[in-house]
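# Coordinates for the following, if possible.
(2 chains)
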Amino acid sequence: MPRVHRAVLAAAAIALLGTACTGTSTAPAASDDATKDTTITFWHGWSAPSEVAAIDANVKAFEAKFPNIKVKVVGNINDDKIKQALRAGGPNSPDVVSSFTTDNVGTFCASHVFADLKPFLDKSGVDLDKNFPKPLQDYTQFQGTRCTLPLLNDAYGLYYNKDAFKAAGITSPPKTMSEFDAAAKKLTKAKGDSFSQLGFMPNFHGFESTTTHFAAQWNPTYFTAEGKSNLAADPAFANMLKWQSNLVKELGGFAKLEKYRATFGDEFGAKNPFHTGQVAMAIDGEWRLGMAKEAGVKFTMGVAPFPVPDDQADSYGKGYLSGTIIGIANTSQKQNAAWELVKFMTTDTDAVVSFANAIHNVPSTLDALKSPKLTADENFKTFLEIAQHPKSSTTPASPNGGAYQLTLQDFAYAFEAGKQTDLAAGLARTDAQVDKDIAQAK
Amino acid sequence: MTATTIAPARRPALSEGLRRKRRQERLRNLAFLSPWLIGVSVFFLYPLVSTVYFSFMKYDGFTAPTWVGLKNWTYVFTDYPFFWPALRNTLWLVIVMVTLRVLFGLGIGLLITKVKTGAGFFRTAFYLPYLAPPVAATMAFAFLLNPGTGPVNNILGSLGLPQPGWFNDPHWSKPALTLLALWGIGDLMVIFMASLLDVPLEQYEAASLDGAGWWQRFKFVTMPNIQPIVLFAVITGVIQTMQYYTQPLVAGKVASGVIGGSGQQFEPGYPEKSTLTLPQLVYHLGFQRFDTGGACVIALVLFGLAMVFTAFLMRRGSGFLATDD
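Numbering: from 1, shown residues only, chains lettered A, B, ... in the order given. This is a model prediction of the structure:
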């Protein structure tokens, strides 16, 4: 091939590389007129018929209030799909996006894939402190960039089988970890080399029995002010892991519990081990109330805050918080119209309350939490209290999403199985790994 | 002494007509080749060059890529905790699973070609599992091999035999995946059956007259005839195993019981990274962590490994491909 041809081809290839394959999302200025007729696309993750009906009703209420804005709703979306769609852009990509997990807020905000909401909040005069509890404000921003807002809230607490408690002679839910351990042992009934009833499944694969959900009871600090991993330095993590591994041993050991765990049905199905009576206590979110009712559990169910360490008994009532988040795609050409929907769904008290009632979630605004329209029985009220407890906490946002949680969890799996025995050294190694992963993401 | 410069011999000048004819010929050849050239350029060369390019860049898919040199390579090889377990698992599967699949496929093919009655039934019975969608097949296996409630362990227990943890035990998860792969052996069985039926019968007759037993007939008649097919099965098996994604991912997810929500991270390669394969890491890094550069490094490692295995097998098996004509 003549040299000139080769040169032209090489130049074309480099040009192609430099342009075609490096899709970058540039932020269009929010210049659309939200008072004119327009259609926006809203992606959400709900898929159960009752949940879809609830979100559709919420959108209809919005369209009634803003008749010029039509909303095209797309359900059953997860974070992987969101990431791909926002990378690809184009006319079919969403304008408004919600996600069930707060884990990716750091990625969404740091990469500017979601629009900065500050200009919209300022324009509309929305005072965050007057609208949202502090933990919810925290998990919807990353390093000062607010790219999402809370759309309902999840609080985690202790579910317990009142009938099993009565049979075991336990009169009230445990408040401290030592009371909890004693109750778990008392509620455990052996059957052959397994169990007919387990007091509590402490293994970290036991559905919501995760490192982060447990750790919240110890008030953990995951990162230093400089953004370095803080797992070894904060005794909360070591104490939580020691408590968990001790309970694993007391209930029969890791292998025996794992074998029993393999008999559990689907977490989100009717055969959840708490529904079937295979476990007498479980840590779970408020949504379990509705699910247990739908599954037709045959025992009386009780709900209480998850116990706290003995030396922090005064902070009883707190719990792990999380929730659905909502934001505006940075690639959206209709950001002002999109903001109207986001503002309505996150700050309109009636909208928040009716949606929370419909899908059995904790409302995410201060006004909605106090609303008389909120349907709350005694069990649900417990979650409302956990959500408002000043020491309730969540996992912080990180530039690589939930990668640090996965690294901690990885160590915890090895520790509970007895494959890692040096707790301090293991947590130090976990810190180093978390820092390396974050450095790679920056 | 004086240097003598010898002028290069001049080619005889081509006539304008001949030049035009050659040019037209070249263009025609290019036109005939163009579908292949376009396909290879768009679907192979361009992605390959892009992958190399992005392996040296920080690129999250949202912002413009920036040059980071060897940072992604260093991270993957020294700091990414999933890489080496995934590489070991992939190599294990390539060596054990591919070997067993080829042996099993050949064995089943041999048996079915010998069956006198009901061959059609056996062919269908062994081929059907291959048609099952991988996700459904893996979920069915996860149910059958559930250590707590699965029928396989119930039967083993009633016979007084050990009950493995299968997909819940890091020592048994890859053998369980291998069982799943052997169950879906239909593709290899059909290929081997076709090649076995193609072996000239007179060669078997001549060998029998010479007093050859079944093993000698297999070794000196069957194998030389089907060696190219064996090589084909091994190479395609290696390439498929390098791309092994769906089955280990689904098996790990189902067995772990973890759906993955807020504060609840799905553990890649459950249990204890034993089902982690390199393609899962490409997805994990590239599409979950937005680390396109790191994902490209792993994709290139996969490409390199596939090339090395293929070159090695082609070289070792070059005799297989020799024909006597």
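# so where do the helices sit in the stretch 51-200 of chain A?
Under the criterion DSSP state H, counting those that start in this stretch, the stretch 51-200 of chain A contains helices at A:79-88, A:105-110, A:118-124, A:128-131, A:134-138, A:162-167, A:177-187.
# Among these, which comes closest to chain B?
helix A:79-88 (4.1 Å; CB to the nearest CB). In this view, the C-beta of every residue, glycine as well, is placed from N, C-alpha and C.
# which parts of that closest one are buried?
A:D79, A:I82, A:K83, A:A85, A:L86, A:R87 (16 or more other CB atoms under 10 Å in any protein chain shown).
# restrict those to those near chain B?
Among these, the ones lying close to chain B by the criterion of CB under 8 Å from any CB of the partner chain are A:K83, A:L86, A:R87.
# Next, the contact list for the second one, please.
Think A:L86. Residues near A:L86 by CB atoms under 8 Å, 6 or more residues apart in numbering or on different chains: A:S25, A:S93, A:P94, A:V97, A:V113, A:A329, A:N330, A:T331, B:F62.
# Show me those residues that map onto strands.
Judged by DSSP state E, the subset of the contacts of A:L86 located in strands is A:V97.
# Distance to A:F195 for the contacts of A:L86 - can I get that in CSV?
As requested, the contacts of A:L86 are exported to CSV (distance: CB to CB, whole Å):
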residue, distance to A:F195
A:S25, 52
A:S93, 49
A:P94, 46
A:V97, 43
A:V113, 46
A:A329, 48
A:N330, 51
A:T331, 52
B:F62, 49
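# what about the strands in the chain?
With no chain named, the answer covers chain A. Under DSSP E, chain A gives strands at A:38-43, A:69-74, A:96-99, A:141-142, A:145-146, A:149-161, A:189-191, A:194-200, A:279-285, A:301-304, A:321-328.
# think we crossed wires, I meant chain B
Taking DSSP E as the criterion, chain B carries its strands at B:57-58, B:66-67.
# Okay, now the sheet partners of the first one, with direction.
The reference is to strand B:57-58. strand B:66-67 (antiparallel) (DSSP bridges).
# Next one: the spatially closest residue to A:A358 that is not a sequence neighbour relative to chain B, how far apart?
Using CB to CB, 6 or more residues apart in numbering or on different chains and skipping residues adjacent in sequence, the residue nearest A:A358 is A:A54, 3.4 Å away. Separation of A:A54 from chain B (CB to the nearest CB, to the nearest Å) stands at 19 Å.
# Would you mind listing what in the stretch 51-200 of chain A touches chain B?
Residues of the stretch 51-200 of chain A that fall close to chain B, judged by CB under 8 Å from any CB: A:80, A:83-84, A:86-87, A:100-103, A:107, A:111-113, A:154.
# Save the residues you listed as a markdown table, and put in pLDDT and distance to A:T188 too.
Listed next are those as a markdown table, based on pLDDT from 0 to 100; distance: CB to CB, whole Å:
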| residue | pLDDT | distance to A:T188 |
| --- | --- | --- |
| A:D80 | 78 | 38 |
| A:K83 | 79 | 42 |
| A:Q84 | 79 | 45 |
| A:L86 | 82 | 47 |
| A:R87 | 76 | 49 |
| A:F100 | 85 | 33 |
| A:T101 | 83 | 32 |
| A:T102 | 86 | 34 |
| A:D103 | 83 | 33 |
| A:T107 | 84 | 41 |
| A:S111 | 82 | 47 |
| A:H112 | 85 | 51 |
| A:V113 | 87 | 47 |
| A:D154 | 91 | 28 |
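# between these, which is closest to B:Y245?
The nearest member of these to B:Y245, counting by CB to CB, is A:D80 at 14.1 Å.
# from what I can see that closest one touches B:H284, true?
No - contact criterion CB atoms under 8 Å: A:D80 and B:H284 do not qualify, at 10.5 Å.
# which residues sit in contact with A:A356?
If you count contacts by CB under 8 Å, 6+ apart, then A:A356 has A:L152, A:V362, A:P363, A:S364, A:A368, A:L374 around it.
# 6 Å instead?
For A:A356, the contacting residues are A:L152, A:P363, by CB atoms under 6 Å, 6 or more residues apart in numbering or on different chains.
# how close does it sit to A:L289?
Distance from A:A356 to A:L289, counting by CB to CB, to the nearest Å: 12 Å.
# picking that back up, select from the contacts of A:L86 the one having the most neighbours.
A:V97 (30 neighbours; other CB atoms under 10 Å in any protein chain shown).
# my guess is it contacts A:H44, does it?
No - using CB atoms under 6 Å, A:V97 is not in contact with A:H44; the gap is 8.0 Å.
# Of the strands of chain B, give the one that comes closest to A:N230.
Checked against CB to CB, the stretch from the strands of chain B lying closest is strand B:57-58, at 25.6 Å.
# Not counting its neighbours along the chain, what's nearest A:N104?
Nearest to A:N104 is A:G401, by CB to CB, 6+ apart, at 4.5 Å.
# ok, that neighbour touching A:C109?
No - using CB under 6 Å, A:G401 is not in contact with A:C109, being 11.1 Å away.
# so what sits against both of these two?
Shared contacts of A:G401 and A:C109, counting by CB under 6 Å, 6+ apart, come down to nothing at all.
# Roughly how far does A:E208 sit from chain B?
As judged by CB to the nearest CB, A:E208 and chain B stand 7 Å apart.
# near chain A, which residues of the stretch 101-250 of chain B?
Counting by CB under 6 Å from any CB of the partner chain, the positions of the stretch 101-250 of chain B adjacent to chain A are B:N146, B:P147, B:G148, B:T149, B:N168.
# Let's have the residues you listed in JSON lines, adding neighbour count.
Below are those laid out as JSON lines (neighbours: other CB atoms under 10 Å in any protein chain shown):
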{"residue": "B:N146", "neighbour count": "21"}
{"residue": "B:P147", "neighbour count": "21"}
{"residue": "B:G148", "neighbour count": "17"}
{"residue": "B:T149", "neighbour count": "12"}
{"residue": "B:N168", "neighbour count": "26"}
